[in-house]
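Participant: below are the sequence and a predicted model; questions follow.
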Amino acid sequence: MAETRYTKDHEYIRIEGDTGTVGITDYAQGQLGDVVFVELPTVGKALSKGGEAAVVESVKAASEVYAPVSGEVVAVNSELEAAPGTVNEDPAGKGWFVKIKLANTGELDGLLSEAEYQDYVKTL
Amino acid sequence: MAAEAETASTEPLLKTPFHARHVAAGARMVPFAGYDMPVQYPAGIMAEHNWTRENAGLFDVSHMGQAFLVGPDHETTARALEALIPADIVNLPPGKQRYSQLLNEEGGILDDLMVTRSADPDEDGALLLVVNAACKTEDYAHIEARLPANVKLVKAEHRGLIALQGPKAEEALAALNPEAAEMGFMTLRTMKLGGVKANVSRSGYTGEDGYEISASADRIGEIWDALLLDARVKPIGLGARDSLRLEAGLCLYGHDIDTTTSPVEAALNWSIQKRRREEGGFPGAARIQREFAEKPARIRVGLLPEGRAPAREGADIATADGTIVGKVTSGGFGPTLNGPCAMGYVAREHSDPGTKLDLIVRGKPLPATIAAMPFVPNRYKR
């Protein structure tokens, strides 16, 4: 079964085997407002934990999406280029950004569980 | 994920007369020019922007500075103001409004402002000024220090200001007072709106037809509430105000114009009437007259990036060989345009419409074309 982990910067990573699907949380899309453009990395790019994985632009501002873990980009959601609003409509599903092949599954231990993340959002 | 930081300050934020209404409506409040202001309501910037272009948007702009310049007669007051700005105010008819800029001695822009002459013969010698929130304290000090003894600046801090903008603004305001429909663009009338005396001008900051309504802070909420009872009217936050004015090609002070830019560089030539160009007599006149004669070295232009990626303020503008020839001063995504748009300054030799340039976004060149502004046609009531 897939397990989802979260960062305090509002990215999620849904783990399936040694691959993680990365996106931003519903809270994050609500804060951003209408997403008008998403810049995705190239497949094969090596990401390091906490480094820039993608850029998401709302009407008002550009924001960086950070890699929750280190690893290689194995897929990007190129449908977001034509339909960036999917990030607002379905952030946890069709609005994903990249899939990463994890370099070190141990990095997951430092991320928040679903319950921990929801508790964290309540404090904001 | 990390967004651009909001400007933080330890000063307590000021509140406009509508603050409680914004909070009750579920607005997201942010610090802006020392005030706690609504950046958006629950509908969101895109929906609010589109509502204003199609219906009528209601904006709280009470943070802006309102002041009267009061002298013994129009000519005396107008000449006192003309010593500080390059617009022709002496020949401004009663009840008419003009856009201008407060200039420093180098011809740089200290602020931009609206100047309105009262239509009431009993108020001959009074001019209403509306200045930017972030500049108002400095503006007032600058003006007061330069007035002759018989002209006074009277701050109207007890007044609120709202803007009603969009193609249905006329119908909505005329429902409160039919006189609103008779007004021409850039004119002022004093009228009752639902029992409240208001100064109404037909102007705005969206490129749409519309009005700005000034009334006493303790009564202006009644006008706001009456307008929101109209199904054509919805409240709009500062986020959409910015995207609307960007599409309309209008300058935002502190971004597109500042003390380093002159009105000619900013392509605001239209706001300096012939008599003033010839006679001078305003701060920085030598520079500005020279720029009129010889054209400035750089000029504000519109830019349309290819594709959907916006170029934001601060992005360098480069030629194909990588030479930097300018900088973006405002940029974002235009909801009506359904694409990115920007404005910025470029060296004059690269400023012709149709010129292809690159905007450097996150280190990479984004192809763009210089385009005439406004990006979305103005729909002012002429």
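Facilitator: Received the coordinates, thanks.
Participant: what residue is smack in the middle of chain A?
Facilitator: Averaging the C-alpha coordinates of chain A gives a centre point, and the residue nearest to it by C-alpha atoms, centre = their mean is residue A:23 (2.4 Å).
Participant: chain A against chain B: which residues are in contact?
Facilitator: Residues of chain A found near chain B (C-beta under 8 Å from any C-beta of the partner chain) are A:9-11, A:24, A:28, A:31-34, A:36-37, A:39, A:55-66, A:81, A:84. Bear in mind the C-beta positions are built from the backbone N, C-alpha and C, glycine included.
Participant: let's see which of these end up in strands.
Facilitator: Taking DSSP state E, the ones among these that sit in strands are A:11, A:24, A:36-37, A:39, A:55-58, A:62-66.
Participant: what's the closest of the residues you listed to residue B:309?
Facilitator: When these are compared for distance to residue B:309 (C-beta to C-beta), residue A:37 wins out at 5.1 Å.
Participant: before we move on, the earlier item: narrow the residues of chain A next to chain B to those that are buried.
Facilitator: With burial judged by 16 or more other C-beta atoms under 10 Å in any protein chain shown, the buried subset of the residues of chain A next to chain B is A:9-11, A:24, A:28, A:31-34, A:36-37, A:39, A:55-60, A:62-66, A:84.
Participant: sorry, back to before: quick check: the residue nearest to the centre of chain A touching residue A:95?
Facilitator: Yes. In this structure, residue A:23 sits in contact with residue A:95. The criterion is C-beta atoms under 8 Å, and the distance is 5.8 Å.
Participant: residues near residue B:295, how many?
Facilitator: Applying the criterion other C-beta atoms under 10 Å in any protein chain shown, we find 12 residues in the vicinity of residue B:295.
Participant: swap in residue B:225?
Facilitator: Other residues within reach of residue B:225, judged by other C-beta under 10 Å, total 12.
Participant: how many neighbours does residue 15 have?
Facilitator: Using chain A here. With neighbours defined by other C-beta under 10 Å, the count for residue A:15 comes to 19.
Participant: my question was about chain B, not that one.
Facilitator: Should you count by other C-beta under 10 Å, residue B:15 turns out to have 16 residues around it.
Participant: likewise residue B:363?
Facilitator: Taking other C-beta under 10 Å as the criterion, the count of residues near residue B:363 is 5.
Participant: swap in residue B:204?
Facilitator: Burial of residue B:204 is recorded as 27 neighbouring residues (other C-beta under 10 Å).
Participant: mind listing what the closest residue to it other than its chain neighbours touches?
Facilitator: Of all residues not flanking residue B:204 in the chain, residue B:210 sits nearest, at 4.1 Å (C-beta to C-beta, 6 or more residues apart in numbering or on different chains). By C-beta atoms under 8 Å, 6 or more residues apart in numbering or on different chains, the residues touching residue B:210 are B:56, B:163-166, B:169, B:202-204.
Participant: same check on residue A:49?
Facilitator: Applying C-beta under 8 Å, 6+ apart to residue A:49 gives the contacts A:67-70, A:107.
Participant: quick one, strands of the stretch 51-200 of chain B?
Facilitator: With DSSP state E, counting those that start in this stretch as the definition, the stretch 51-200 of chain B shows strands at residue ranges B:56-60, B:65-70, B:97-103, B:109-117, B:126-131, B:152-155, B:159-165, B:188-193, B:196-201.
Participant: count the neighbours of residue 102 for me.
Facilitator: Let's take chain A. Burial of residue A:102 is recorded as 19 neighbouring residues (other C-beta under 10 Å).
Participant: if you could check chain B rather than the one you did, that'd help
Facilitator: Around residue B:102 there are 24 residues (other C-beta under 10 Å).
Participant: the closest residue to it other than its chain neighbours: what's it in contact with?
Facilitator: Leaving aside its chain neighbours, residue B:102 sits nearest to residue B:110 (4.3 Å; criterion: C-beta to C-beta, 6+ apart). Each residue near residue B:110 by C-beta under 8 Å, 6+ apart is listed here: B:101-104, B:135, B:138-139, B:142, B:259.
Participant: what average pLDDT does the longest helix along chain A get?
Facilitator: What stands out as the longest helix in chain A, according to DSSP state H, is helix A:114-122. Helix A:114-122 shows an average pLDDT of 96 in the prediction.
Participant: contacts for stretch A:96-104?
Facilitator: The contact list for stretch A:96-104 (C-beta under 8 Å, 6+ apart) reads A:13, A:15, A:18-24, A:38, A:40-41, A:47, A:53-54, A:56, A:65, A:67, A:69-77, A:80, A:108.
Participant: what about it, distance to the chain center?
Facilitator: In terms of C-alpha atoms, centre = their mean, to the nearest Å, the centre of stretch A:96-104 is set 9 Å apart from its chain centre.
Participant: buried residues, that stretch. List them.
Facilitator: Within stretch A:96-104, the residues that qualify as buried are A:96-100, A:102-103, counting by 16+ other C-beta under 10 Å.
Participant: how far does that stretch stretch from start to finish?
Facilitator: With C-alpha to C-alpha, to the nearest Å as the measure, stretch A:96-104 spans 21 Å from end to end.
Participant: could you do stretch A:92-106 as well?
Facilitator: 23 Å.
Participant: same thing with stretch A:42-59?
Facilitator: Taking C-alpha to C-alpha, the first and last residues of stretch A:42-59 lie 24 Å apart.
Participant: sec struct for residue A:106, please.
Facilitator: Assigned state for residue A:106: helix (three-state reduction, DSSP: H, G, I helix; E, B strand; the rest coil).
Participant: correct me, but residue B:134 touches residue B:258?
Facilitator: No. Under the contact definition of C-beta under 8 Å, residue B:134 does not touch residue B:258, with a separation of 11.0 Å.
Participant: flag every residue of the stretch 251-382 of chain B that's near chain A.
Facilitator: Counting by C-beta under 8 Å from any C-beta, the positions of the stretch 251-382 of chain B adjacent to chain A are B:308-310, B:312, B:332-333, B:335, B:340, B:362.
Participant: pretty sure residue A:84 is touching residue A:38, no?
Facilitator: Yes. With contacts defined as C-beta under 8 Å, residue A:84 counts as touching residue A:38 at a distance of 5.0 Å.
Participant: mind listing the shared neighbours of these two?
Facilitator: With C-beta under 8 Å, 6+ apart, residue A:84 and residue A:38 have common neighbours A:56-57.
Participant: low pLDDT regions in the chain?
Facilitator: Just so you know, I chose chain A. Scanning chain A with the threshold set as pLDDT under 70 gives A:1.
Participant: I was thinking of chain B, sorry if that wasn't clear
Facilitator: B:3-10.
Participant: in it, which spans are helices?
Facilitator: Read by DSSP H, chain B holds these helices, from start to end of the chain: B:19-24, B:45-54, B:74-82, B:136-144, B:169-174, B:220-228, B:238-247, B:274-279, B:285-294.
Participant: anything in contact with each of residue A:23 and residue A:95?
Facilitator: residue A:87.
Participant: excluding sequence neighbours, find me the nearest residue to residue B:107.
Facilitator: Once flanking residues are discounted, residue B:107 sits nearest to residue B:284: 2.3 Å by C-beta to C-beta, 6+ apart.
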